[in-house]
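Participant: with the input below, show me the fold.
(2 chains)
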Amino acid sequence: MSLYILSKEQLGEFVEKLQAKFRVVGPVRTEYGYAFDDITKPEQLELNYSTTILPPKKYFLPQREVLFEFESETDDKGLRSYEVRPIFQEVEPTVIFGVHTCDMHGITLYDRVFAEGYRDEHYVERRENTYIIGMECLTPCDDASFCKDMGTLSAPQVYDLHMTPMNDHYMVDTGTERGEKLLLDHVYVEMARKEDIQQLGQVLSSKWPRFKMRLKVTRDQTPSLLTLGYKAKLWEELGEKCLACGSCTNVCPTCFCFDVQDEMDINMTDGERSRVWDSCQLREFALVAGGHNFRDTKASRVRHRVMRKGKYIKQVHGITGCVGCGRCERACLVNITIPGTINNLHDEMHPEPEKA
Amino acid sequence: MIASSAPNLTTTTIPKEYDGHTSIFLPTMATVVDVQPETKTEKIFTLRLPDGENLNHNPGQFVMLSIPGVGEAPFGVMTSPSRTGETFKLCIRNAGDLTSLIHQLKPGDQVGIRGPFGRGFPHDTFVGKDILVAPGGLALAAPALSLIDEILDHRTDYGRLIILYGARNPSELLLKDRLAEWEKRDDVELQVTVDHPDDEWTGNVGVITTLFEHIQINPYKTIAVTIGPPIMYRFVTMELLGKGLTPDQIWMSFERRMKCGVGKCGHCQVNHRYACQEGPSWTYAEALAFEEAL
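Facilitator: Predicted coordinates:
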């Protein structure tokens, strides 16, 4: 794989050429903020965006996805039998432009969750039909970002192409063979020369000081802080504030939990089963028949989310469950934040020694 | 392109090939062969997979049963592997929307089955030991019976078999024929109690822990398997520890909400563990290591 130079003037042409063969999506401006959406004209693409409301996870795990459909038949004795057929909607080959490094880390986690163990082909088929064109972040999105704390400032190896904005061109790295073909087949690029790569090095290394650290502990210290603070008073305080609306999990690039719902057609013989984004912040999430709820209080649910992000997901999948994108903080109606929670937990568990 | 570092998991019914795709969510349509009312609220369903395929489960594993258009939920398997041929049984309490419709099923109706899933009780490691099984309520039928029958069908492989069974009242006692059979056997020690006796009840009265006074066990060679609601675990484990068992000699089964059975949907998390994958059977020693278990 190699580094190429794509002039900024040619970006539009690249997008147009891709549109002939692919569904092209990327960050666009909306009245509520930036969002990943279909690109019909190259100028809609806002590669210099800050952050999007939702991460690109919606292209791999749609908010609602039909898993199978069924037809039932009732015989003359009133006995019911069923024909079931899985639904794998044809995924139009898609190119996602401008995925930030934090969101690429989210996709890395998704790949582990859905492709490992019982392999989920609903996910895998979408993922394999989707090209990821990453976008290097040279400045923080805003004050809610804490990607530097979470170690997601550089791109993981999930991209097909990865672009870094330079003065008059993009430096494009090819992460996969299919990515390289996507680039070379659709636009004129030049191989990066030694001086270009040196310049890239300077741009990348000079971005580091622009990003602030917000956490009082490192990412690798967070799991042990959470273990220590499992019974902290903080969770009760957060439970009182939390509205249990589930906004934080909806916008999270690493939240993947889903509910499964059946729907019957109006004819009462056919129907379908779908999965729908769910949230561990909602009261019913851990409720079982007979009425016992394993996370009955908001405090226990807020704690579960933070434990998942800072500790549990790492224990199960080997990578930290928070990518520091800051979306939950922007979405929260009562200003519950991951950095604030971790820092307050740190303070509660490590009180200042009293001065003599 | 997306490689998985470990081999893909499979079980009897999934993944299912269909028209060039592979689904882990598509149920296999099983046929209801028999329905027997057990109590006012429980029925026992005998199910047959297509072509009489063996479910090939371990005691303590569960299946996801669904009625398309209504929903899907986990149910422990009642039949032991030793008694599973072309059919297997589930004992289901009428407790909600899905189960009330399951209760209306008749022989000849179809239901969806996925599984078996999860970790059952590792009965091969129990060989040579005395086994104490203490289920509360519905747990006697599923999943405790799957283990009890496995032991009974290989009776000489094990030491004593002690069954301590508690129900709320005599009318809720399950498997009365089996209880009578075990009562007569010399190689089964059965004790039954009810919380609330009726006029005819002459047996023990009190919660399940009151039965522990009546038994003596050899703590060096006993494995206890207790299955019931969360509150029961707190008291039964105290009794068992009091008799000298160590936490790793005590097995339990944990009920959780489940929507997928395959470790994806997140509902059954117990701290960082997935009850549908690493559970639902855990030792007390394992359960002590995660706060949400008990």
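
Participant: tell me which element A:Cys68 is part of?
Facilitator: If you look again at residue A:68, you'll see it is Phe, not Cys. strand A:64-74 (DSSP states H and E).

Participant: just the buried residues of that strand, please?
Facilitator: Using 16 or more other C-beta atoms under 10 Å in any protein chain shown as the burial criterion, the residues of strand A:64-74 that qualify are A:65-70, A:72. To be clear about C-beta, it is placed using only N, CA and C from the backbone, and glycine gets the same treatment.

Participant: which parts of the strand or helix carrying A:Ser224 are buried?
Facilitator: Assessed by DSSP H and E, A:Ser224 sits inside helix A:222-228. Buried residues in helix A:222-228, defined by neighbour count with 16+ other C-beta under 10 Å: A:222-223, A:225-226.

Participant: now narrow those residues to whatever sits close to chain B.
Facilitator: When C-beta under 8 Å from any C-beta of the partner chain is taken as the criterion, no member of the buried residues of helix A:222-228 contacts chain B.

Participant: can you redo those as JSON lines with pLDDT and distance to A:Tyr159?
Facilitator: Putting the buried residues of helix A:222-228 into JSON lines (pLDDT from 0 to 100; distance: C-beta to C-beta, whole Å) gives the following:
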{"residue": "A:Thr222", "pLDDT": "97", "distance to A:Tyr159": "26"}
{"residue": "A:Pro223", "pLDDT": "97", "distance to A:Tyr159": "28"}
{"residue": "A:Leu225", "pLDDT": "97", "distance to A:Tyr159": "32"}
{"residue": "A:Leu226", "pLDDT": "97", "distance to A:Tyr159": "30"}
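
Participant: farthest pair within these?
Facilitator: The span of the buried residues of helix A:222-228, defined through C-beta to C-beta, is set by A:Pro223 and A:Leu225 at 7.3 Å.

Participant: find residues that contact each of these two.
Facilitator: Both A:Pro223 and A:Leu225 are in contact with A:Gly310, where contact means C-beta atoms under 8 Å, 6 or more residues apart in numbering or on different chains.

Participant: around B:Gly76, count how many other residues there are.
Facilitator: B:Gly76 is flanked by 28 other residues according to other C-beta atoms under 10 Å in any protein chain shown.

Participant: that one against B:Leu145, yeah?
Facilitator: No - the criterion here is C-beta atoms under 8 Å, and B:Gly76 misses it with B:Leu145 at 9.3 Å.

Participant: circling back: who does the helix holding A:Ser224 touch, helix- and strand-wise?
Facilitator: In terms of contacts (3 or more C-beta pairs under 8 Å, 6 or more residues apart in numbering or on different chains; DSSP states H and E), helix A:222-228 is packed against helix A:338-349.

Participant: and the contacts of the helix it packs on?
Facilitator: Surrounding helix A:338-349, the residues in contact under the criterion C-beta under 8 Å, 6+ apart are A:146, A:149, A:214-217, A:222, A:225-226, A:228-229, A:232-234, A:238, A:306, A:309-310, A:322, A:324, A:328-329.

Participant: if you set the cut-off to 7 Å instead, what comes out?
Facilitator: Helix A:338-349 is contacted from outside by A:146, A:214-217, A:222, A:225, A:228-229, A:232-234, A:238, A:306, A:309-310, A:322, A:328-329, using C-beta atoms under 7 Å, 6 or more residues apart in numbering or on different chains.

Participant: from those, keep the buried residues only.
Facilitator: The neighbour-count test (16+ other C-beta under 10 Å) marks A:146, A:214-217, A:222, A:225, A:229, A:232, A:234, A:238, A:306, A:309-310, A:322, A:328-329 as buried among the contacts of helix A:338-349.

Participant: re the thing from before, restrict the buried residues of strand A:64-74 to those near chain B?
Facilitator: With C-beta under 7 Å from any C-beta of the partner chain as the criterion, the buried residues of strand A:64-74 include A:67-68, A:70, A:72 near chain B.

Participant: okay, those residues in CSV with pLDDT next?
Facilitator: Listed next are those as CSV, based on pLDDT from 0 to 100:
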residue, pLDDT
A:Leu67, 97
A:Phe68, 97
A:Phe70, 98
A:Ser72, 97
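
Participant: closest to B:Phe290 among these?
Facilitator: Minimum separation from B:Phe290 among these (C-beta to C-beta) is found for A:Leu67, which lies at 30.0 Å.

Participant: kindly confirm my reading that B:Glu292 is in a strand.
Facilitator: No - the assignment for B:Glu292 by DSSP: H, G, I helix; E, B strand; the rest coil gives coil, which leaves it out of any strand.

Participant: residues in contact with it?
Facilitator: For B:Glu292, the contacting residues are A:294, B:270-271, by C-beta under 7 Å, 6+ apart.

Participant: between the residues you listed, which sits nearest A:Leu47?
Facilitator: The closest of these, once distances to A:Leu47 are taken by C-beta to C-beta, is B:Asn271, at 40.6 Å.

Participant: go ahead and confirm the closest one touches A:Lys311.
Facilitator: No - with contacts counted by C-beta atoms under 7 Å, B:Asn271 stays clear of A:Lys311, the gap being 8.9 Å.

Participant: ok, back up a step: let's see which of the contacts of helix A:338-349 end up in helices.
Facilitator: Using DSSP state H to define helices, the subset of the contacts of helix A:338-349 located there is A:222, A:225, A:228, A:234, A:238, A:306, A:328-329.

Participant: where's the residue lying closest to A:Val334 once chain neighbours are set aside relative to B:Thr99, distance?
Facilitator: Residue nearest to A:Val334 in three dimensions, not counting chain neighbours: A:Lys241, with 4.8 Å by C-beta to C-beta, 6 or more residues apart in numbering or on different chains. A:Lys241 sits 37 Å away from B:Thr99 when distances are taken as C-beta to C-beta, to the nearest Å.

Participant: do A:Lys148 as well
Facilitator: Plainly put, A:Lys148 is 51 Å away from B:Thr99 if you go by C-beta to C-beta.

Participant: look up the closest residue to A:Glu13, ignoring the ones flanking it.
Facilitator: Nearest non-adjacent residue to A:Glu13, counting by C-beta to C-beta, 6+ apart: A:Val187, 6.1 Å away.
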